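[1] structural data only, the sequence is not supplied:
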Ligand SMILES: [Zn+2]
Ligand SMILES: [Zn+2]
């Protein structure tokens, strides 16, 4: 029997880890008999109890299939993408690059603040 959960194995995030994080989003629940998709598990179970699995033992009613979608979230922009290709495309966009530059500038300023003037190396510039 196949696992009711879709996995993210299809696309490994290794090449872009550090720049993106993997998030899973519940898309819905599927009735195994009629393959209708419901936004919540309870709705799916109610439907199954009322029609598809009427007069059936509870163990059979449990036959819901959870639909999970894997998203890639850009750490800089907090934007989500359904495929790595979309994410890579986003990385080439001006909007994203500006955002990354802004974050890097912010980090540099923080680091500078941490160094008190007396600890700065003499050949700082
Ligand atoms: Zn059904
Ligand atoms: Zn971005």
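    Looks like it arrived, so ask away. The structure displayed is predicted, hence computed values, not measured ones. Numbering: from 1, shown residues only. Ligands and ions are numbered 1, 2, ... in the order given.
[2] which bits of the protein sit near ligand 1?
    Residues of the chain lying near ligand 1 by CB under 5 Å from the ion: 31, 33-34, 52. All C-beta spots, glycine's among them, are computed from the backbone N, C-alpha and C.
[3] hmm, try it at 6 Å
    Counting by CB under 6 Å from the ion, the chain comes close to ligand 1 at 31, 33-34, 36, 47-48, 52.
[4] can I get the buried part of those residues as one ChimeraX selection?
    Those of these that count as buried under 16 or more other CB atoms under 10 Å are selected in ChimeraX with:
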select :31,47,48,52
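[5] just the ones of the residues of the chain next to ligand 1 in helices?
    Counting by DSSP state H, those place residue 47 in helices.
[6] packing partners of the helix ranked longest in the chain?
    Secondary structure of the chain per DSSP H: the longest helix is helix 94-114. Using 3 or more CB pairs under 8 Å, 6 or more residues apart in numbering; DSSP states H and E as the contact test, no helix or strand touches helix 94-114.
[7] buried residues, that helix. List them.
    For helix 94-114, burial by neighbour count (16+ other CB under 10 Å) applies to 96, 99-100.
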